[in-house]
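Visitor: Pasting the sequence and the predicted model now:
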Protein chains: 2
Amino acid sequence: MPTQWYNLRADMKELPDPMLNPGTLQPIRTEELYPIFCEELARQETDGKTAYFDIPEPILDIYKMYRPSPLCRAYHLERYLGTPAKIYFKYEGNNTSGSHKLNSAVAQAYYAKKQGLTGLTTETGAGQWGTALAEACAYFGMDLTVFMVKASFEQKPYRKAVMKTFGANVIASPSGTTKVGAAILAENPDTTGSLGCAISEAIEKAVTTPGCRYVLGSVLNQVLLHQSVIGLESYKAMEILGEYPDTIIGCAGGGSNLGGLIAPFMRDRILGKANPHFIAVEPASCPSMTRGRYAYDFCDTGKVTPLARMYTLGSGFIPSPNHAGGLRYHGMSPIISKLYHDGYLDEARSVEQTKVFDAATLFAKLETILPAPESAHAIRVAIDEALRCRETGEAKTILFGLTGTGYFDMAAYTAYQEKTMTDYIPTDGDLKPGFDSLPKIPGIQE
Amino acid sequence: MPTQWYNLRADMKELPDPMLNPGTLQPIRTEELYPIFCEELARQETDGKTAYFDIPEPILDIYKMYRPSPLCRAYHLERYLGTPAKIYFKYEGNNTSGSHKLNSAVAQAYYAKKQGLTGLTTETGAGQWGTALAEACAYFGMDLTVFMVKASFEQKPYRKAVMKTFGANVIASPSGTTKVGAAILAENPDTTGSLGCAISEAIEKAVTTPGCRYVLGSVLNQVLLHQSVIGLESYKAMEILGEYPDTIIGCAGGGSNLGGLIAPFMRDRILGKANPHFIAVEPASCPSMTRGRYAYDFCDTGKVTPLARMYTLGSGFIPSPNHAGGLRYHGMSPIISKLYHDGYLDEARSVEQTKVFDAATLFAKLETILPAPESAHAIRVAIDEALRCRETGEAKTILFGLTGTGYFDMAAYTAYQEKTMTDYIPTDGDLKPGFDSLPKIPGIQE
């Protein structure tokens, strides 16, 4: 098990563009982040130089309860597909929160506690991040308020009950409990919410509550740093097996799992040591990489965050209700965005929901793991790649990230089984309001 | 990890009374079980002599994916309670089915496949057994029909979706699809079902379908045999830690978890090597050990099974809807019953539902595992015992079985949180019809 996190930025030829203060339009200084993030996390966020960060002992103690997570080979799936490819997956559903989100949740809760803070706020989409953070906060004795995207709140009432069991206060977003939420509701009363809205509300609540800070489960550099444990373990396990992946596949909502999984392999690519093919998979309903723009944008709908340069559909984009709630985000991690823009991350692919559930169901039957819909996006493409190998006869080694279990997504599975699930692909017209919402920044983007 | 299962019967001073053929009232012969069970399982069922059974390689291959399961110490809980006691728990929720039921499911599916059978039928209460067996059948490529207790079917629609995802056919019981189910419905149209009803239906379906047999997730000797892996691993882990439990606590519905957990410790007790205190915990709403009779009874409501001598509320007892669906059974494993009757199993304790959820919620917050309601019965008593140690100052070592996670029980947790959960304790009058249904057997019980 790794005792350090790996910071890919330290090895990137060019760093992602810096976050900008939305008032001054100048690169944001670490100290300017202190009102939002606790200090150590603010430092991790802005540190593009330090390659390795020691994982503090209390965090390692928790990691030891469920890490290293298994690297599995999908023998049954390979046999069923009749592919010469080897399919490996890194299984992050084996902890009590059920997803990879716990890796960063324990880190963020720990640093906040260490700083003497008493409460945290956050947003959650599918509820995986909220569940993981609720567990971490229960463990460290921190108060937690979770703004849950309304679409998920309604699709997944039991997620709410889980977070409440762990002691969290859970609010459907947009809510009337914040000014920014009330404003979003006034403009669009029927909205089913988005991660962007929920982030705005969580930040407002954090900065207006004494002893409280905001934490985020994806997108940020610090989160990708913590999630590097996924990649580091995968790398080590592959080494022990005498393997090296030809193709690495991850689902991408905000980029936390993908960024963590690929980190050490991307290092090889950047340093010219190896040349694996990287594929990011996103839902066709929320196609930030495949149809978004590489631009400075707000991370939230309420436009209270710093500006980040990333692939984005515009902070004004409100995604349609999609069962993969964890992928309903208008933007993409600046690190992932930069790698994609510069050609290191080879490919982004968008997939339709029913095809994702075809893959999820097949995988469940064959490998006895019922995947989260988010994870099933990666499974879909892993299967497609393995089938392509069957055509070409190539015995490629495929690695994908299986981020979590789908036991709270049974409403979606039921819709799929009952054939009431539909595929939604936004038209260019649907995307236009989002792009129109992109900020104009004199001299940078007009 | 053990490579053999342990058969406690081989060391018992007196064997449990034999099952009787309900027609002849003679002890049932192994071959008479072949129409219901596959042959190897029928042999395991009736073998009271062989102490150890080799676990076949293909079963070990699956066990290796999730076993040995963790033996954890509940440090946070101990500290919170201020108890001098050490609280250990064996955590069986760390596999993809979420409960200990997988241990027997893979064994039963394997032996059926090996015999060349093509399908299985079973019943499920909470859905844990059905989920585990659906996974095992998907793995081995067997058809599966699950009769799910109607109360659980309605409380847990998503359990159904999970089993369907794994390819199972799931039917609410009592159903109109079997003669016995139709008869039960005709007599009691509003019944919410019971494990006893579901067993009758599953057996009828098995014996009327070519290539099909019936499997059961608890009660039977074969199931306790397979579940002995829980106890064997616990025993070994305790040994490595230099510990030995003073008190061993398990929830008891049909007895599968309790029987598996205590097996090697009970061996010590029987052989005079150690003297741990054993406690079986059952819901106050379905008190087969604390208020039942030790008698020959049918294992099902439809009275089609062999007669087993056990603690029972009578096969005619239909339990009230109770959220711990896995504990809604009128009888108790004959092995557990015999041990209890002869004083080896020291104590049975019944607990009320809201107190169980108090314990579950406290445990979730402190130990970051959200327990199944069934498991929380054991947690309740472990907490009570630890609190007693606080009074007496005794530094006892407590071991309890944490059989699975409660992620499919969030309707119950929600009811608890919203204070709409009620406690039900049957009156003596409520129990009377069940006792009146006990069979009369000339010369044995009148």
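Guide: Right, received. Where do you want to start? Numbers count the residues shown, from 1 in each chain, chains lettered A, B, ... in the order given.
Visitor: Could you list every helix and strand that the host helix or strand of A:Thr145 packs against?
Guide: Assessed by DSSP states H and E, A:Thr145 sits inside strand A:143-149. Strand A:143-149 sits against strand A:119-124, helix A:128-140, helix A:157-165, strand A:169-173, helix A:195-207, with contacts defined as 3 or more CB pairs under 8 Å, 6 or more residues apart in numbering or on different chains; DSSP states H and E. Yep, even glycine has a C-beta here, placed from its N, CA and C like the rest.
Visitor: Can you add mean pLDDT and give these back as CSV?
Guide: Compiled in CSV, the helices and strands packed on strand A:143-149 are given as follows (pLDDT from 0 to 100):
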stretch, mean pLDDT
strand A:119-124, 96
helix A:128-140, 96
helix A:157-165, 92
strand A:169-173, 96
helix A:195-207, 93
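Visitor: can you tell me which of the ones you listed comes nearest to chain B?
Guide: Of all the helices and strands packed on strand A:143-149, it is helix A:157-165 that lies closest to chain B, at 3.4 Å by CB to the nearest CB.
Visitor: Around chain B, pick out the residues from the stretch 101-250 of chain A.
Guide: The interface of the stretch 101-250 of chain A toward chain B, taken as CB under 8 Å from any CB of the partner chain, is made up of A:Glu135, A:Ala138, A:Tyr139, A:Pro157, A:Tyr158, A:Ala161, A:Val162, A:Lys164, A:Thr165, A:Phe166, A:Gly167.
Visitor: What about the last one, how many residues nearby?
Guide: Pointing back at A:Gly167 there. Residues near A:Gly167, counting by other CB atoms under 10 Å in any protein chain shown, number 17.
Visitor: In contact with it, which residues?
Guide: A:Ala134, A:Cys137, A:Ala138, A:Leu144, B:Lys365 (CB atoms under 8 Å, 6 or more residues apart in numbering or on different chains).
Visitor: quick one: which of those residues is most hemmed in?
Guide: Neighbour-wise, the contacts of A:Gly167 (other CB under 10 Å) top out at A:Ala134, 32 neighbours.
Visitor: which ones are touching it?
Guide: With contact taken as CB under 8 Å, 6+ apart, A:Ala134 is in contact with A:Leu144, A:Val146, A:Val162, A:Met163, A:Phe166, A:Gly167, A:Ala168.
Visitor: Identify each buried residue in stretch A:329-347, please.
Guide: A:329-341, A:344-346 (16 or more other CB atoms under 10 Å in any protein chain shown).
Visitor: correct me, but A:Ser152 touches A:Trp129?
Guide: No - using CB atoms under 8 Å, A:Ser152 is not in contact with A:Trp129, being 10.7 Å away.
Visitor: By mean pLDDT, which helix or strand of chain A comes out lowest?
Guide: helix A:150-155 (a mean of 86; mean pLDDT, DSSP states H and E).
Visitor: shaky segments in the stretch 251-400 of chain A?
Guide: Where the stretch 251-400 of chain A drops to pLDDT under 70, the residues are A:321-326.
Visitor: which stretches of it form strands?
Guide: Assigned by DSSP state E, counting those that start in this stretch, the stretch 251-400 of chain A shows strands spanning A:277-283, A:293-298, A:307-312, A:347-351, A:397-402.
Visitor: Packing partners of the last one?
Guide: If contacts are counted by 3+ CB pairs under 8 Å, 6+ apart, strand A:397-402 sits against strand A:86-91, helix A:221-241, strand A:247-251, helix A:256-270, helix A:373-392.
Visitor: cool, and the fourth one?
Guide: For strand A:347-351, the packing partners by 3+ CB pairs under 8 Å, 6+ apart come out as strand A:277-283, helix A:288-291, helix A:373-392.
Visitor: redo that, cut-off 10 Å
Guide: Judged by 3 or more CB pairs under 10 Å, 6 or more residues apart in numbering or on different chains; DSSP states H and E, the packing partners of strand A:347-351 are strand A:247-251, strand A:277-283, helix A:288-291, helix A:334-341, helix A:373-392.
Visitor: likewise the longest one?
Guide: Packing contacts for strand A:277-283, counted by 3+ CB pairs under 10 Å, 6+ apart, involve strand A:247-251, helix A:256-270, helix A:288-291, helix A:334-341, strand A:347-351, helix A:353-367, helix A:373-392, strand A:397-402.
Visitor: what residues are up against A:Thr50?
Guide: A:Trp5, A:Asn7, A:Arg9, A:Ala10, A:Arg43, A:Gln44, A:Leu225 (CB atoms under 10 Å, 6 or more residues apart in numbering or on different chains).
Visitor: Now which of those would you call buried?
Guide: Restricting the contacts of A:Thr50 to buried positions leaves A:Trp5, A:Asn7, A:Arg9, A:Arg43, A:Gln44, A:Leu225, with burial counted as 16+ other CB under 10 Å.
Visitor: can you put those residues in CSV and add secondary structure?
Guide: As requested, the buried ones among the contacts of A:Thr50 are arranged in CSV below (DSSP: H, G, I helix; E, B strand; the rest coil):
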residue, secondary structure
A:Trp5, strand
A:Asn7, coil
A:Arg9, helix
A:Arg43, helix
A:Gln44, helix
A:Leu225, helix
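Visitor: Go through these and say which is closest to chain B.
Guide: Once CB to the nearest CB is applied, the member of the buried ones among the contacts of A:Thr50 that ends up nearest chain B is A:Trp5, at 21.4 Å.
Visitor: Was I right to think that closest one contacts A:Glu233?
Guide: No - judged on CB atoms under 10 Å, A:Trp5 makes no contact with A:Glu233 at a distance of 11.7 Å.
Visitor: beta partners for A:Phe371?
Guide: That one is not Phe; residue A:371 is Pro. Judged by DSSP bridges, the bridge partners of A:Pro371 are A:Thr405.
Visitor: number of nearby residues for it?
Guide: Counted with other CB under 10 Å, A:Pro371 comes out at 29.
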